[in-house]
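Chemist: sharing a sequence plus its predicted fold:
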Amino acid sequence: MVEKSFIAGISSGDPQERSDAFGQHIILDTTRDVYAKLDKKGIFQYANPSFQKILNYSNDELMDKSIVDYLHPDDRDRVMQSFVEMEESASVKTFFRFRDRTGHYIWFEIWGGAIQNGENAEKFITLLCREIAGNEHAEEDIFVERIIFEKMIEGMPGIFCCVDDQLQIKKWNKNFERVSGYSAQELYGMSPLVFIAADARKFMEGRLDEAFIRGEISGEADFISRDGRKIPYLFHIYPIILQNRMHLIGIGIDLSNCKRADEELRKSKERFDIAIAGLEAGVWDWDMLEDTVVYSAQWKGMLGYEDAEIENSFNGWKKIWHPDDAADIEKTIYDLLQGESERYEIVYRCRHKSGDWRWFVTRGKILRHEGNAPYRWVGTNIDITQLKQAEEKIQYLAYHDSLTDLPNRKLFFDRLGIALALAHRNQSSLAILMLDLDNFKQVNDTFGHAARDNILKAAAGRLTSVLRKGDTVARFGGDEFVLILPDLKEIDDAINVAGKVVDAFRNPFAIETRQIPVTASVGIAIYPHDGTNEDDLLKNADTAMYRVKQTGRNRYQACQKD
């Protein structure tokens, strides 16, 4: 295949590049691949000899003729839309059929792009084409599937539109062009908000952002055509990933004829469900008049059950709820059925066949009669267990030290605030113990970081082992630990715990083959005697510990006010 850079060289306005392009032009004239240059309306400006040879047309027969005249009728609209994409963005790869002189259609694989000779010059389209041989049936099957999908979109009774994550229109059907009054060249890259009334655009922009995050949304809005007509539409909007980017797919049904709106929307959604069948979501549909529920086999499979193992009824769903969630689920359902809301979302746990509990989010819509009486309830179930586990892990890491698994400063101060409030209300005492490992810097310098980390983890274990139920030990950083001893009956209780803490460090730490001695110095501050707030208690406990360090280490001392 001739390199695409050849095309750029031939089209360049730079003298040196034109000189280089001369040789490239010779290659294009002698290559077996087909090359053609057209203006942006699709009129031939140049075709190399291979193009003429394969299709058996003379150069005169092609020049100043439209490429549309030679395309298969089913390919024409798509090729012209590809030209729009080439002009607005980068190169495009596609397939189409070209008619030769005998009337036979030949499949080509196409690389195309738009090129500009100079800054103010008009762009033109360049096509590099290779005749598909050998695997033409496989390529044709792929392309036929695409045609079927496009025909399905074109066959919708309503409008269809696809926008990227920058809210730029990238795909639409003919109905969209007809209703909007804009041409294909104008629609590509436009914002869908252009078709919403000015006073509703900010709200609609927020709803589109919501669709990217929360999933399917629907609602009614007036569609503003180019000539200013307002047409009431019911929209359903879905997020989908295309080429590693989030996009939104929108389907709109004209509500001008209300009697047909529900049926048309149902048919459109059935067609579109084909495209979202691969999503990892279970579907259910509750006919409340007949009291029958249909659960998709996919949802049952997500929970490890065969289709017949979960009863197709409301009670069949209820049986697998987590007991702790049942009351909240029933209240939510009751409120929904009694209220006027159509949309709902429930987060809860279901029992997997293995006995594990899986987190699900159920979203959907309640359909009501004119008197607000619900008659149908449809929804999707999505397994969010991994998301919940990740949230719990993040929550845990936010409040715990990553090395020792002890509470960190944030969790320590949360608990200290609660302990002080309870002590004040109950007129009881509590103690703060500030602990520092003796000569720990020397241990780190002598034995290295690995030994240091192992000693800190072992020290956390020793401290935890001597605490009472309800006590807290936190790591503030380095070799500094702080303890909360709430609800003290006597001051001596704090002295006893401090003594146990010091004793816990009498024996050396066994790290690999070494016995490394590390002792602890502990300072004590008592509420309310040594302070009534967090700052005073921590400051006085720290001062007491510092005095221990100055007078020999390896012991504890209560606060001594000057």
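Modeler: Everything's here; your move.

Chemist: buried stuff in stretch 107-117?
Modeler: Neighbour-count burial for stretch 107-117, with 16 or more other Cβ atoms under 10 Å as criterion, is recorded at Trp107, Phe108, Glu109, Ile110, Trp111, Gly112, Gly113, Ala114, Ile115. Bear in mind the C-beta positions are built from the backbone N, C-alpha and C, glycine included.

Chemist: try stretch 300-313
Modeler: Across stretch 300-313, burial judged by 16+ other Cβ under 10 Å covers Lys300, Met302, Leu303, Tyr305, Ile310, Asn312.

Chemist: ranges for the helices of the stretch 51-200 of the chain?
Modeler: Assigned by DSSP state H, counting those that start in this stretch, the helices in the stretch 51-200 of the chain fall at 59-62, 76-88, 136-154, 174-180, 184-187.

Chemist: coming back round to it: would you list the buried residues of stretch 107-117 in TSV and tack on pLDDT and distance to Met434?
Modeler: Listed next are the buried residues of stretch 107-117 as TSV, based on pLDDT from 0 to 100; distance: Cβ to Cβ, whole Å:
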residue	pLDDT	distance to Met434
Trp107	82	80
Phe108	83	80
Glu109	80	75
Ile110	81	75
Trp111	81	72
Gly112	83	73
Gly113	82	70
Ala114	83	71
Ile115	80	73
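
Chemist: between those, which sits nearest Thr551?
Modeler: Using Cβ to Cβ, Gly113 comes nearest to Thr551 of these, at 82.0 Å.

Chemist: pretty sure the closest one sits against Thr126.
Modeler: Yes. The pair Gly113 / Thr126 is scored as a contact, 5.9 Å apart, by Cβ atoms under 8 Å.

Chemist: coming back round to it: quick one: which of the buried residues of stretch 107-117 sit in strands?
Modeler: Trp107, Phe108, Glu109, Ile110, Trp111, Gly112, Gly113, Ala114, Ile115 (DSSP state E).

Chemist: now those as TSV including distance to Val294?
Modeler: What follows is those, written out as TSV (distance: Cβ to Cβ, whole Å):
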residue	distance to Val294
Trp107	43
Phe108	47
Glu109	45
Ile110	45
Trp111	48
Gly112	47
Gly113	50
Ala114	50
Ile115	55
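
Chemist: of those, just say which sits nearest to Gln185.
Modeler: Nearest to Gln185 among those: Ala114, at 12.2 Å, using Cβ to Cβ.

Chemist: rewinding a little: rank the helices of the stretch 51-200 of the chain by mean pLDDT and give me the bottom one.
Modeler: Lowest mean pLDDT within these: helix 136-154, a mean of 62.

Chemist: off-centre distance for stretch 201-217?
Modeler: How far stretch 201-217 lies from its chain's middle: 14 Å, per Cα atoms, centre = their mean, to the nearest Å.

Chemist: repeat that for stretch 438-452.
Modeler: Using Cα atoms, centre = their mean, the offset of stretch 438-452 from its chain centre is 44 Å.

Chemist: pop the domain breakdown of this structure in here.
Modeler: Domain ranges of the chain: 5-149, 155-273, 282-389, 400-558, per automatic domain parsing.

Chemist: could you work out the end-to-end span of the shortest one for me?
Modeler: What it means is domain 282-389. Using Cα to Cα, to the nearest Å, one end of domain 282-389 lies 20 Å from the other.

Chemist: for Lys285, what are phi and psi?
Modeler: Quick fix: residue 285 reads Asp, not Lys. Here is the backbone geometry of Asp285 (degrees, to the nearest 10): phi -140, psi 120.

Chemist: could you check how far it is from Ile320?
Modeler: To Ile320, Asp285 is 18 Å away according to Cβ to Cβ, to the nearest Å.

Chemist: neighbour count winner among these two?
Modeler: More crowded of Asp285 and Ile320, by other Cβ atoms under 10 Å: Ile320, with 17 against 14.

Chemist: quick one: the helices in the stretch 201-350 of the chain?
Modeler: Counting by DSSP H, counting those that start in this stretch, the stretch 201-350 of the chain has helices at residues 201-214, 258-273, 297-302, 314-318, 323-338.

Chemist: and these, which one is worst for confidence?
Modeler: Per-stretch mean pLDDT for these is lowest at helix 258-273 (a mean of 58).

Chemist: from the chain's centre, how far out does stretch 400-409 sit?
Modeler: Offset of stretch 400-409 from its chain centre (Cα atoms, centre = their mean): 30 Å.

Chemist: which helix is the longest one in the chain?
Modeler: In terms of residue count, the longest helix belonging to the chain (DSSP state H) is helix 440-466.

Chemist: quick one: buried residues of that one?
Modeler: Applying a neighbour-count criterion of 16+ other Cβ under 10 Å, one finds 440, 443-444, 447, 451-452, 454-456, 458-460, 462-463, 466 buried in helix 440-466.

Chemist: tell me, what's the model's pLDDT at Ala133?
Modeler: Among the per-residue scores, Ala133 shows a pLDDT of 58.

Chemist: count of neighbours near Asn507?
Modeler: When neighbours are defined as other Cβ under 10 Å, Asn507 has 11 of them.

Chemist: need the three-state assignment for it.
Modeler: coil (DSSP: H, G, I helix; E, B strand; the rest coil).

Chemist: offset the numbering so it begins at 21, please.
Modeler: From this message on, residue numbering opens at 21, which makes the last subject Asn527.
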